[in-house]
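Asks: let me see the structure of the following:
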Amino acid sequence: MSRSKLPETLLAFFRRASDTLNEVSEINDDFLENVFDNISSNELILSKDKVVCCILEKVLRVSRPLQVHQFLSSTLQSLDRFVTDKYASHVIQTALCQCLRLNGGQLRCVQGDDEDNAMSTCSVVVGIAEGVIDKLNAYVFDVYGSHVVCALIQVLSGVRVMDEITRSRVSRGVAQKKTGGGSQEKGSGSTTEVAILELPEEFSARLDTFCDAFISMEDFSHCLTDRSGSKVLQTLLYCTSVHMEKRCKYLCRQVLTTCKVLPAKDEEERYVAAHANGGAAAITRVAEDAVASHALECILKVASPKLIQRLCQQCMSGQLLAMSLHPSGNFVVQKLCAALSTPSQMSLVAQELLDHLEDILAVSHFGVAIALVKAAGRLECSQDELVSALLSAFHAHDEPRRCCRAFLALSALDTLDQPGSEPESAAADDGGKIPRSSQKPELQPCVQGCLLTAALFTLSEPTDVLESFVSSLSSSELVHLATDSGPGSRVFDGFFACAGASSKLKRKLIKKLKGQFVDLACHKQGSYVVDACFKNSGAKSKSDIAEELLAQEQTLSGSFCGRHVIRNCDLENYTGRKATGTGMSGQKRHYAEEDDGQHRKKKRLF
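Replies: Numbers count the residues shown, from 1 in each chain. Next up, the predicted model:
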């Protein structure tokens, strides 16, 4: 039985249109015109249909500017019904997001055959914005209307915000299924980026009006704790941070004042004198709220250095440990570490957290430790204290040359050494093959452990970690790490990029991987490790890797990843030199000249 209430003939037409969109790579203009002729004058009825609304979204994503304009114009007469309907709200949201594909000239271009009623797309969007602002308090806290408001904010600012903010988890999952698994649909983003160049002045003026109306809402204080309102608040913060920094600062201040984290300007002196700890209690309460914590994370990401300094000194001081141990608060601490901009701020955070790292790791909040390491590497301070605290937390202070095993497995070193804690391995020697399901290495790295180890390589001189990575891991364990489906290959990238990694350590690591390069080159993740080893090795090591790979050139040529390795390592030129009799010595000379040329080129720059 059909879920749609539309006539079967109309429903069959849109189903055929959907099949065409799935089968054809390039969409014909005549096809789009035919579809939009059937949509014309029926936009609301079709958008409210459970089946056809999804097809309309597909069509709108490939539509032309004129067709987007026509559809948005039709929503002006029934805007409230579009915005608050369970299905139509998704359609108008998709239509608005198509404006992010247009430039300033296309938005200002007047569309329509009737000269008296012709409007530009810019005017249509402004009209929608005026209608939304009139009922802003209702739309912001509406489950469906809030998503339309988020899309409108993005269009008015010309900024595309990541899907994690603007779309629900269910909506993101549906979009991934429609686009073939984990890939994102066209027009979505994982980061905040500028989408519209030459933004019309009308958009900026209307966004300014929108901000004033948003702050003046009756239920503005509920935006922190309401799921729908929080999404709108975060979108507004991200979008204003790009083009309207002063407005963003004012919005951050208003939010923090409303939740009592900061005092109002007229209460500044009285607040400092009588309520010194009031902000600390308030920010802890916000950070530990499952919904409000997301808005606080957003504020930390877009806040000015001056505001971050104030939050560190007046509000978060003394509360960081409690927040780090909390299921929601620990994410706020991670964002705070990413926002630190001075060594003094890093020292304040490190002083409070380093002595309690083991307690934080015990509740599996590994992201806090990773954020601390990244901040220490970026600001170049508190690095020795941080490494020492990590060694103590993982019970590796007495055996620092084995610490990398504990970091990768995210387990205390004495726990790893207990009998039976690690499965027996038949490939512990340096000549083992790539581990299979029946042949597992001793060490089982985890995703967070790989990220922690890679972050440690960003420090100035993590000597113990570098030497531990090379000496404490067997060949089979290194291969298993390189072919891990998680971020294992990034650990190798971090090792080779580390300023403290000497040429001797790099040669020792490459020597441990000798005999495994062909299997690694044919692996999706392992091929990146081969590229990194080849790129960061000396002339002799490059020559040895090339010789090993070319011994099974046919195997590499038959592999998708292997062909990329052949290209990246320039093995085809080596084959030509070998054929002319230059042999391996010629290859060594080639790489030696290449390395020497790069060295001389670098010397000329200074």
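Asks: does Ser241 touch Cys248 like I think?
Replies: Yes - between Ser241 and Cys248 there is a contact under C-beta atoms under 8 Å: 4.5 Å. Quick note: C-beta positions are derived from backbone N, CA and C, even for glycine.
Asks: need the residues touching each of the two.
Replies: Residues touching both Ser241 and Cys248 (C-beta atoms under 8 Å, 6 or more residues apart in numbering) are Val302.
Asks: what's Arg160 sitting at in phi/psi?
Replies: Backbone torsions of Arg160, given as degrees, to the nearest 10, read phi -100, psi 120.
Asks: tell me what it is bridged to.
Replies: Glu193 (DSSP bridges).
Asks: okay, now it: neighbour count?
Replies: By other C-beta atoms under 10 Å, the residues close to Arg160 number 22.
Asks: ditto for the one 3 residues further on
Replies: Burial measure for Asp163: 19 neighbouring residues, criterion other C-beta under 10 Å.
Asks: and the gap between it and Leu152?
Replies: For Asp163, the distance to Leu152 equals 16 Å [C-beta to C-beta, to the nearest Å].
Asks: swap in Asp212?
Replies: 15 Å.
Asks: how about Ser347?
Replies: As judged by C-beta to C-beta, Ser347 and Leu152 stand 43 Å apart.
Asks: neighbour count for the two, which is higher?
Replies: Leu152 (28 against 15).
Asks: that one: what's it in contact with?
Replies: Residues near Leu152 by C-beta under 8 Å, 6+ apart: 96, 125, 128-129, 132.
Asks: could you report the separation of it from Ser74?
Replies: From Leu152 across to Ser74, the span is 16 Å (C-beta to C-beta).
Asks: repeat that for Leu357.
Replies: For Leu357, the distance to Ser74 - C-beta to C-beta - is 58 Å.
Asks: could you do Val125 as well?
Replies: Distance, Val125 to Ser74, by C-beta to C-beta: 14 Å.
Asks: and the pLDDT for Val530?
Replies: Val530 is assigned a predicted lDDT (pLDDT) of 90.
Asks: ok, it touching Val518?
Replies: No - counting by C-beta under 8 Å, no contact exists between Val530 and Val518, whose distance comes to 9.0 Å.
Asks: tell me which of those two has more neighbours.
Replies: Shown here are Val530 and Val518; by other C-beta under 10 Å, Val530 has more neighbours (29 against 21).
Asks: does the more buried one belong to a helix or a strand, and which?
Replies: Remark: Val530 resides in helix 526-535, with elements defined by DSSP states H and E.
Asks: buried residues in the helix or strand that comes right after that helix, which are they?
Replies: As assigned by DSSP H and E, the chain's next helix or strand after helix 526-535 is helix 539-550. Within helix 539-550, the residues that count as buried by 16 or more other C-beta atoms under 10 Å are 539, 541-546, 548-550.
Asks: stretch 491-498 too?
Replies: Here stretch 491-498 shows 491-496, 498 as buried, counting by 16+ other C-beta under 10 Å.
Asks: Lys48: which of those is nearest?
Replies: Relative to Lys48, the closest of the buried residues of stretch 491-498 is Asp493; by C-beta to C-beta it sits at 50.3 Å.
Asks: and the gap between that closest one and Gln383?
Replies: Using C-beta to C-beta, Asp493 is found at 20 Å from Gln383.
Asks: next: Glu33.
Replies: 63 Å.
Asks: try Lys5
Replies: From Lys5 across to Gln383, the span is 65 Å (C-beta to C-beta).
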